[in-house]
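>>> Dropping a prediction and its sequence here:
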Amino acid sequence: MAGVVQSVQALASSLGALPPEFVRPEHERPRATTFRGASPLQIPVVDMSLPDAGSRMVEAAREWGIFQVVNHGVPADTVAELQRVGREFFALPQEEKQRYAMDPASGKTEGYGSSVQRSTGDRKIWSDNLFHAISPPAAVNHGFWPDKPRGYREANEAYCGHMRRLTREVLERLSAGLGLEKGAMAEAFAGGDDGLVLMQKVNFYPPCPQPELVLGFAPHTDLCALTVLVANDVPGLQVSKDGHWYDVEHVPGALIVNVGDQIEILSNGRYRAALHRATVSKEKTRMSWPVFVHPRREYIVAPHPRLVAGEIPAKYDYKAKTFEDYTYCKINKLPQ
């Protein structure tokens, strides 16, 4: 599909010393900036089977922009199969992975890629990835889905079904927390039953000889509406709150939910997009499987009209920018 992917995975397997383009400035290094107090704050864990689940999600979205959910209804074997096929894809020979290489220069942003060639001019991040749409059917191009390992398509389709249900439920509860109808967010973002676009990503962070000097992903907020992430048991996700970086502790069986830019904007700032980053390990491979919930491309980025009525001003004005334009500007670091 594209040129040769220069992967971090291949680099890590033959590395003697850390290349200087991966070394972060002192003020960005994880060891120097992670909170190490005696009693660090913990992001909320929401039990979705309890009556107060909705109110706890709302509180977490306001205070943190991130929370973990348990008893979420996604079967453990479905998650395990998603993780299996992801691990096995990255264990394939490089020439096999190369068949699905991204080609950002031609506008092809789905497929297999790495930070090595796309971070021109910036410090590089210590990760490779696989990225493609999983819903709705009209947005899916199975040419970006690997033929190997066995069961890749079936695992992703099964997981997608659960993500469609779960993300709708989270959007409904966050809508209600704003005093809107339960379907208000989904209707605004989707404009119909199949308007929400779900993008599956597999992040691969190989062992790094000097993890205290690098980041697996630089600090950012997600440009989408919502992100639902499952990770392996190697720690690395961190979230910023009140000027400090906190580790997100692994909770077995939990899924991590991030509020993205579009919910922060639609809520007129009542909910906050989570500023987060990823660190890496010296001995172990870290992996994560985020699903990004995108509005339709023509969605107009703006606060919900009912949340700016009367004396409440709009905190965000993107001059009737569409989500497609917003995405292009953010990815390319252009003024919004």
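Cool, got the structure. What you see is a predicted model, and the numbers here were worked out from it, not measured in a lab.
>>> from here on, contacts and neighbour counts on C-alpha atoms
Noted.
>>> Can you tell me, leaving aside adjacent residues, what's nearest to Pro295?
Leaving aside its sequence neighbours, Pro295 sits nearest to Phe189 (C-alpha to C-alpha, 6 or more residues apart in numbering; 4.5 Å).
>>> what does stretch 131-138 contact?
With C-alpha atoms under 8 Å, 6 or more residues apart in numbering as the test, stretch 131-138 has contacts from 109-112, 139-141, 144-145, 156-157, 160, 194-202.
>>> The nearest residue to Met102 once chain neighbours are set aside and His132, how far apart?
Take Met102 and drop its neighbours on the chain: the residue closest to it by C-alpha to C-alpha, 6+ apart is Gly111, 4.9 Å away. Distance, Gly111 to His132, by C-alpha to C-alpha, to the nearest Å: 6 Å.
>>> Same check on Glu311?
For Glu311, the distance to His132 - C-alpha to C-alpha - is 42 Å.
>>> burial count for Ser49?
Using other C-alpha atoms under 10 Å, Ser49 is surrounded by 12 other residues.
>>> I figured it hits Arg56, correct?
No. Applying C-alpha atoms under 8 Å as the test, Ser49 and Arg56 come out as separate, 11.9 Å apart.
>>> what's the neighbour count on the nearest residue to Pro335 once chain neighbours are set aside?
Nearest non-adjacent residue to Pro335, counting by C-alpha to C-alpha, 6+ apart: Cys329, 6.6 Å away. Cys329 has 13 neighbouring residues, counting by other C-alpha under 10 Å.
>>> Secondary structure element holding Cys329?
Using DSSP states H and E, Cys329 falls within helix 323-331.
>>> now swap in Leu82 and tell me
With DSSP H and E as the test, Leu82 turns up in helix 76-90.
>>> do Ala274 as well
Going by DSSP H and E, Ala274 is not in any helix or strand.
>>> How many residues are close by Asp128?
For Asp128, the count of nearby residues is 24 (other C-alpha under 10 Å).
>>> can you tell me which residues contact it?
Residues in contact with Asp128 (C-alpha under 8 Å, 6+ apart) are 7-9, 112-115, 203-205.
>>> again, only this time at 7 Å
7-8, 113-115, 203-205 (C-alpha atoms under 7 Å, 6 or more residues apart in numbering).
>>> show me the contacts for the nearest residue to it once chain neighbours are set aside.
Ranked by C-alpha to C-alpha, 6+ apart and with sequence neighbours excluded, the top spatial neighbour of Asp128 is Ser114, at 4.2 Å. Ser114 makes contact with 5-8, 127-129 under the criterion C-alpha under 7 Å, 6+ apart.
>>> what pLDDT does Ser114 get?
Looking at Ser114, its pLDDT stands at 88.
>>> Offset the numbering so it begins at 11, please.
Sounds good: first residue 11 from here, last item Ser124.
>>> Now it, what are its backbone angles?
The phi and psi values for Ser124, taken as degrees, to the nearest 10, are phi -150, psi 160.
>>> What separation do you get for it and Asp113?
Relative to Asp113, and taking C-alpha to C-alpha, Ser124 is found at 11 Å.
>>> Dump stretch 270-277 to PDB, keeping only the CA atoms.
The C-alpha trace of stretch 270-277 is given here as PDB (Å, rounded to 0.1, in the frame of the first residue of the first chain):
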ATOM      1  CA  GLY A 270     -12.400  13.900  24.000                       C
ATOM      2  CA  ASP A 271     -12.400  17.400  22.600                       C
ATOM      3  CA  GLN A 272     -15.800  17.200  21.000                       C
ATOM      4  CA  ILE A 273     -17.600  16.400  24.300                       C
ATOM      5  CA  GLU A 274     -15.700  19.200  26.100                       C
ATOM      6  CA  ILE A 275     -16.800  21.600  23.400                       C
ATOM      7  CA  LEU A 276     -20.400  20.400  23.100                       C
ATOM      8  CA  SER A 277     -20.800  20.600  26.900                       C
END
